[in-house]
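> this is a predicted model, with the sequence first.
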Amino acid sequence: MTAAVSRRQRLHILDLLRGLLFINMAAYHLLYDWVYIFQQHCPFMGTQAAYLWQQFICSGFILLAGCCCTLSRRPARNGLRIFLCALIITLVTGIIAPQERVVFGILHFTGLAYLLTALLQPLLCKLPAVPAFLGALLLFAFTKGIYYGYLGFFDIPLWYLPDWLYQHPLLFAIGLPHADFYSGDYFPLLPWIFLFFTAYWGGPLLLRTGTFRRVSHWKLPVLNWIGRNTLLLYMLHQPVIYGALSLVFA
């Protein structure tokens, strides 16, 4: 069963980690816009290191979201708020930068993950935490390549899926994108819901450890402020980056 963690005392280390992730994300998006929107040269963005950096950032956000979902008093309300922000991003990117429109990005995913967790919570809380944690982690590894057409172990294909699974235009949300589907940021429910559930069950186990209790109060004022306001800053950071680069290359 998912462990109950006190919601009265703020765990500053979680805000600190979220702030660090946001700084990394903003830096990555700055380079991404520089190369892929403004057509500037940066060899690093085509390397495996850049891919791993991007995966580290998005995986970190999803793991934090899954952990924090266990601390949320109103996961359904939080999920709806996040998903509405995601729809605003879809609308704005579709108008301003249709070539990089975000149809189902990390905010869409996170909002739906919170809503699904709220819906399934009576069932999820009955599952034993350790087996559920391990099962979710294995399922994430096994389905990591689903939107590339295969199941396997992370980036190692073991079984290629039939093409007919990818022919419906509305199945992109679960990780089965149509050939004509495009999203500048794409995080479907599969495989990422399993990483979210990995933290949903594993997070409370970590939060109960002595090591975590010793660092739970760690904070750096600027980073913690960013961590507490990440959703607002996420909504603002791309327009600021795009606007600044537009002035540079005007």
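On my side now, so go ahead.
> return the distance of stretch 219-236 from the chain's centre.
Its chain's C-alpha centre lies 16 Å from the corresponding centre of stretch 219-236 when counted by C-alpha atoms, centre = their mean, to the nearest Å.
> whoops, I mixed them up, stretch 55-68
So, by C-alpha atoms, centre = their mean, the centroid of stretch 55-68 is 6 Å from its chain's centroid.
> quick one: buried residues of that stretch?
57-68 (16 or more other C-beta atoms under 10 Å). The C-beta positions use only the backbone N, C-alpha and C, and glycine is treated the same way.
> now do stretch 172-186
Buried, per 16+ other C-beta under 10 Å, within stretch 172-186: 172, 175-177, 181, 183-186.
> where in the chain is pLDDT low?
Within the chain, the ranges that satisfy pLDDT under 70 run 1-8, 250.
> follow-up on the earlier one: could you dump the buried residues of stretch 55-68 to CSV with secondary structure and distance to Y36?
Below are these laid out as CSV (DSSP: H, G, I helix; E, B strand; the rest coil; distance: C-beta to C-beta, whole Å):
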residue, secondary structure, distance to Y36
I57, helix, 16
C58, helix, 17
S59, helix, 21
G60, helix, 22
F61, helix, 21
I62, helix, 23
L63, helix, 26
L64, helix, 26
A65, helix, 26
G66, helix, 29
C67, helix, 31
C68, helix, 31
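> tell me which helix or strand P122 sits in.
P122 is located in helix 106-124, with elements delineated by DSSP states H and E.
> quick one: buried residues of that helix?
Neighbour-count burial for helix 106-124 [16+ other C-beta under 10 Å]: 106-118, 121, 124.
> and these, which is closest to F83?
The shortest approach to F83 among the buried residues of helix 106-124 belongs to G111, at 2.9 Å (C-beta to C-beta).
> what sits closest to that closest one if chain neighbours are left out?
Once flanking residues are discounted, G111 sits nearest to F83: 2.9 Å by C-beta to C-beta, 6 or more residues apart in numbering.
> these two touch, right, the one you found and L107?
Yes: using C-beta atoms under 8 Å, F83 is in contact with L107, at 7.4 Å.
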